[in-house]
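[1] Could you look at this predicted model? Sequence included:
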Amino acid sequence: MTLSLPLWIGGRAVAGTSVITRENPARPTEIVGQVAAGDAALTAEAIGAAHAAAGPWAATPVSDRTRLVRDAIEAASAANPERARLLASELGKVVTDALGELGFAAALARYAAPLAERLCADVVVEDDEGRLVIVQEPFGVVAAITPWNAPVILASLKVVPALMTGNTMVLKPSPLAPLAVTEFLSAVAAGLPDGVLNIVNGGADVGEALVSDPRVAKVTFTGGLVTARSIASTAAKRVTPTVMELGGNDAAIFLRDAEYTEDMYIRAVFGAFLTSGQVCMATKRIFVPRERHDEFVAGFTAAAATALKVGDPLAAESTMGPVVTRDHQERLHALIASAEAAGGVLHRIGDVEIPDADGYWVHPAVVTGLADDHPLVADEQFGPVVPILAYDTEDEVIERANAVEQSLASSVWSTDEAHAQAVARRLDVGFTFLNCANRAGTSLRAPFGGRGLSGHGREFGEAGIAEYLQTHAINYPNAIRTGTARGNAYPVPA
Ligand code: NAD
């Protein structure tokens, strides 16, 4: 029987108004499952449930909230091995990575609990000026809209901090990978008071209904720039605050004093090709010193041929699966054709035996000889095809690395840490990995997010929790309390 998941609203399973069916990108004739999709009315009902739960949840002591969220996630995580197969089947992410992704929620909850408890505490300043109490308050109902490429991690990065700090939430996952995240977070929601966490699947219509509802106090979005612009313009009507985690066109800069060892190439390969390159912080452009260019291309492609086992995402030995949809596959193939037409040289990696010719496979490759204004270099490709670009001087490579609009992350590769740090500081990005890239370089304690058209706001770290709190300052000047203030004097301390 095909898996069929309902919506989760106000503590109960609710039927939708339509159905989203998800096929397996590795074998598109195989239907993995269905989720119920909502409409504007069901979205309003979910916001109503979150709104009704917001007061009591905010009034629950933070230590109880963090315990409830942690326990609910731990309990739901027991089914992760089976759930990993579901995630791998709906998304094409290899099963070992899918299992790691599912484990992230519990790790984040363990990390965030003590921090949330500290950040929710009042800050009291007692000094000559008087008593200032800075109360840390939740926003109320948070709308979370998430993408498909790491559906559980990217939803958890919103659910865990928002709920622990006393907000309630309506989550709308992506219709392209809704199954594992809905099944997992419905189980988490069932372990929490009714209405604290609600899930409404659907497309842009549900997203728009969420963002435009006046009961939504904050919108947290991860996804693409086109959607971000639409959300921002809707949010602007009520000046609703947003967190925007958008795309990146991340540069990996290999300095002249980098290692150039097999081990380095393997790290660089996973930095670029994890989840078939469909990661916001994946390496999207590789810069190498001109005199090292040919050696780099040979070393990188040889390492990739060993490290990348393209195959069935459910097979334990696979390290790379297909891309998410037929549309995305066709877009990437068109990009490769355009790169070759523009004089780029395509270096296909390894002998890939595609398990099912109808699957959404893209042969991993690097492209050399492209100009910086070719779309494969200038824009985020989000796939397993990466340009390698030669540079002459450090000033030049820093300028070229910075010359894109999507400044999310980057990496600098050098055997001299001081050198790497100095170059990193000149990059106009929100995150720089040293001697690694992508997942291997992330840390629960390191704030992650972009600038410019890569978005604003942070996830991970203390900043990623503080994002869901707003301050309320209660100030009682001594001069007023003691009656020594003269008229309307400026409160400047003596
Ligand atoms: P997308 O923008 O197409 O969709 C994201 C979500 O927005 C989905 O749930 C979608 O249904 C919803 N949506 C679509 N139109 C909407 C509208 N008008 N109003 C409200 N919601 C709407 O993005 P995607 O293809 O799912 O994700 C890929 C993008 O996400 C890439 O650019 C990637 O780099 C980026 N991303 C960023 C991060 C980060 O942390 N910065 C992480 C992962 C992915």
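    Great, that's in hand.

[2] isn't Gly271 right next to Ala409, touching?
    No. Taking contacts as CB atoms under 8 Å, Gly271 lies outside contact range of Ala409: 10.0 Å. No exception for glycine: its C-beta is placed from N, CA and C like everyone else's.

[3] Which of those two has more residues huddled nearby?
    Ala409 (30 against 26; other CB atoms under 10 Å).

[4] Phi first, then psi, for Met164.
    For Met164, the backbone dihedrals (degrees, to the nearest 10) come out as phi -60, psi -30.

[5] Now do the contacts for it.
    By CB atoms under 8 Å, 6 or more residues apart in numbering, the residues touching Met164 are Val62, Arg65, Thr66, Val69, Ala109, Ala112, Ala113, Ala116, Ile465.

[6] For the residue of the chain found nearest the ligand, which non-adjacent residue is closest in space?
    Of all residues in the chain, the one sitting closest to the ligand is Gly207 (2.2 Å; CB to the nearest ligand atom). Nearest residue to Gly207 in three dimensions, chain neighbours excluded: Ile145, at 5.1 Å (CB to CB, 6 or more residues apart in numbering).

[7] Spit out the contact partners of Thr242.
    Lys218, Val219, Thr220, Phe221, Ile231, Ala232, Ala235, His456, Gly457.

[8] per-residue confidence for it?
    On pLDDT, Thr242 comes in at 98.

[9] okay, Ala494: pLDDT?
    pLDDT, Ala494: 56.

[10] Make sure Ser410 is indeed in a helix.
    No. Ser410 is assigned strand when assessed by DSSP: H, G, I helix; E, B strand; the rest coil, not a helix.

[11] Please enumerate the shared neighbours of Gly271 and Ala409.
    Joint contacts of Gly271 and Ala409 (CB under 8 Å, 6+ apart) are Phe433, Ala437.

[12] Domain boundaries for this protein, per the record?
    With domains defined by automatic domain parsing, the chain comprises 3-246+454-473, 251-441.

[13] So is the last one next to the ligand?
    Pointing back at domain 251-441 there. Yes. Using CB under 6 Å from any ligand atom, domain 251-441 reaches the ligand at Cys280, Glu380, Phe382, Leu408.

[14] and that domain, how far out from the chain's middle?
    Domain 251-441 sits 19 Å away from the centroid of its parent chain (CA atoms, centre = their mean, to the nearest Å).

[15] Also stretch 217-233?
    Remark: stretch 217-233 is offset 13 Å from the chain centroid, using CA atoms, centre = their mean.

[16] could you dump that stretch to PDB, C-alpha only?
    Backbone C-alpha positions of stretch 217-233 (Å, rounded to 0.1, in the frame of the first residue of the first chain) are rendered in PDB as follows:
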ATOM      1  CA  ALA A 217       4.500  37.300  13.500                       C
ATOM      2  CA  LYS A 218       7.700  36.100  11.800                       C
ATOM      3  CA  VAL A 219       8.500  34.200   8.600                       C
ATOM      4  CA  THR A 220      11.500  31.900   8.400                       C
ATOM      5  CA  PHE A 221      12.300  30.800   4.800                       C
ATOM      6  CA  THR A 222      14.900  28.700   3.200                       C
ATOM      7  CA  GLY A 223      14.900  28.400  -0.600                       C
ATOM      8  CA  GLY A 224      15.500  30.200  -3.800                       C
ATOM      9  CA  LEU A 225      15.800  33.900  -4.600                       C
ATOM     10  CA  VAL A 226      12.700  34.200  -6.800                       C
ATOM     11  CA  THR A 227      10.500  32.800  -3.900                       C
ATOM     12  CA  ALA A 228      12.400  35.000  -1.400                       C
ATOM     13  CA  ARG A 229      11.400  38.100  -3.400                       C
ATOM     14  CA  SER A 230       7.800  37.100  -3.500                       C
ATOM     15  CA  ILE A 231       7.700  36.400   0.300                       C
ATOM     16  CA  ALA A 232       9.600  39.600   1.100                       C
ATOM     17  CA  SER A 233       7.100  41.700  -0.900                       C
END
